[in-house]
Every structure is written in C-alpha cells, then in structure tokens.
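# need the 3D shape of this:
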Amino acid sequence: MTILAAANVVVTRVGPGAAVACNLAAAGLLLLLARRCGASWDAMGLGNARLRRGLLIGAGVAGAVGAVYLVGLSLPATRELFVDERAGGPVSGLLWQLMIGIPLGTVVLEEIAFRGVLPALMGGSFWPGAVLSSALFGAWHILPAIGLGATNAGVGSAIGGLSGSVQVGLVVLGTGAAGLLLLAQRRWSGHLVTPALAHMATNMLGAFIAWRTPARPSRCRWSPRPRGPCG
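Numbering: from 1, shown residues only. This next block holds a predicted model:
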C-alpha cells in the first residue's frame, strides 16, 4: 500500500512522462513484492494457460464498451458527459495519451495492482478480497476526482450543486464499482488481460471521443493524468 500511496501522490505533481515512468516502476515493484511473498503468476492472473481465453473475452468486452459509447453519443441526455476541457489540444497530445499515457501510465499499474497483486495477496474466497480491492481502487481516485466537475461539463451539470467532498465521494463510489466489474471480468476469463483490454477501451475511446466533441470556447491542454470512467 505504501508503494501505491506514494505513486498516487507523485503522479499528480509531475509531468506526464515522469508519471508514466513512476507508474511503471511501481507496477514492477508490486510484482516483485508479490512474487517474494509467494504469489504465483496464475494467482495474479498472468499465467499463460488462459491468455488466449482472456484475449478473446477482453476483445468482446472492449467491443461492448464501444457500443455503449455510441449509444451515449446518440442520446442528448448523455452526450454532454463527453465534453471535457482536459481533452483539448493538438493531435500529438491525443496520440501520446492513446499510445503511452493511458496504456502505460494508467492501465498497467492499476490492473497489476488492483486486479492482480492485491487479490493474489489477500487470498481466501473471491468476493471479500474483490470488495476490498475495489474499495481501494475507488480511494485511489480521490486526488484525480478533485475539481472534476469544473472540467467535465456533463459531470459538472450533474453534481455541480453538491459540495466538493460529496462530489469526490460519488467519483470514489463509481470507480469502486467499476473496479468490482473489472475484477469480475478477470475471474470470468481467468486472466488479467481481460480487464486490461476493457480498461484501455474505456479510457482510450473516452479520450478520443472527448477530443472530438466540441467543448467550451477555451479548451485546455491535456492534464498530466487524464482519466476515463475507470480511472
């Protein structure tokens, strides 16, 4: 937990490149720690036996995510959720996020930590460990959630009248629930690649759609730590 807490604080205070390096280092340390504690690759969802099944299911889930986004874009009530001032900027910034920032700077650490290492170290039956790991995943998003209503038009219109602490609490609950869903996908397929593909599809498609969706007249540059619905 010390490794994750340190990484969470550091990446909110450094540039995008340094954040990616920090998160990759933290992921490596977590894997090393888990192995030293006796966790097997299979227990962390990284064994070879179910890799093909995990890829197939993950591709199907990613396709379903895309379908949900298309429905959301087609409905006026949900289209505003894609307007995010953090998504502005040149195409080079978008490409950096899609190719490096999201897969390496967000998904690798979060999947290894919350759907791989923590469940493996907790042991026991699935659901108690899954609930605790998902609660920690929600808490992981406290710092990124601060000020979210000011940058995302849809979120701002939905929760803008609530206090800052309540807004953060709702984001934590939402990302915790998303973490539980991702853990269920990992259990279904037997491999960590399934929630990783779902996570990447959610964040990367969300980032691309937000970049393509007109925002307010003044659009900001990419933030150092852009987040999708799964964080």
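
# the helices in this protein, which residues?
For the chain, applying DSSP state H gives helices covering 2-11, 16-36, 51-74, 76-79, 91-96, 108-110, 118-122, 126-140, 142-145, 148-151, 153-159, 164-189, 193-212.

# next up, the contacts around the residue lying closest to Leu73 once chain neighbours are set aside.
Spatial nearest neighbour of Leu73, excluding adjacent residues (Cβ to Cβ, 6 or more residues apart in numbering): Arg79 at 5.8 Å. To be clear about C-beta, it is placed using only N, CA and C from the backbone, and glycine gets the same treatment. By Cβ atoms under 8 Å, 6 or more residues apart in numbering, the contact set of Arg79 is 72-73, 213.

# buried subset of those?
For the contacts of Arg79, a burial check counting by 16 or more other Cβ atoms under 10 Å picks out 72, 213.

# closest one of the contacts of Arg79 to Val107?
Ranked by distance to Val107 (Cβ to Cβ), those are led by Gly72 at 21.0 Å.

# do you know how far the closest one is from Ala120?
Here the criterion is Cβ to Cβ, to the nearest Å. By it, Gly72 lies 34 Å from Ala120.

# follow-up on the earlier one: who wins for proximity to Asp42 among the helices of the chain?
helix 118-122 (8.9 Å).

# just the pLDDT at the closest residue to Leu51 other than its chain neighbours, thanks.
Spatial nearest neighbour of Leu51, excluding adjacent residues (Cβ to Cβ, 6+ apart): His191 at 5.6 Å. At His191, the pLDDT value in this model is 97.

# might one say that His191 is in contact with Arg50?
Yes - in this structure His191 lies within contact range of Arg50 using Cβ atoms under 8 Å: 4.5 Å.

# how far off centre is stretch 177-192?
From the chain centre to the centre of stretch 177-192 is a distance of 13 Å (Cα atoms, centre = their mean, to the nearest Å).

# same question for stretch 110-128.
Here the centre of stretch 110-128 is set off from its chain's centre by 16 Å, with Cα atoms, centre = their mean.

# neighbouring contacts of that stretch?
Counting by Cβ under 8 Å, 6+ apart, 4, 26-27, 30-31, 33-34, 37, 39-40, 43-46, 129-130, 132-134, 136-137, 140, 179, 182-183, 186-187, 192, 195-196, 199, 230-231 sit against stretch 110-128.

# just the buried ones from the residues you listed?
Neighbour-count burial (16+ other Cβ under 10 Å) is assigned, among these, to 4, 26-27, 30-31, 34, 39, 43-46, 129-130, 133-134, 136-137, 140, 179, 182-183, 186-187, 192, 195-196, 199, 230-231.

# can you tell me the closest non-neighbouring residue to Ala130?
Leu183 (4.6 Å).

# tally of neighbours for the closest residue to Gly47 other than its chain neighbours?
In space, and not counting its chain neighbours, Gly47 is closest to Trp41: 4.8 Å by Cβ to Cβ, 6+ apart. For Trp41, the count of nearby residues is 16 (other Cβ atoms under 10 Å).

# check Trp41 and give its pLDDT.
You'll see Trp41 listed with a pLDDT of 96.
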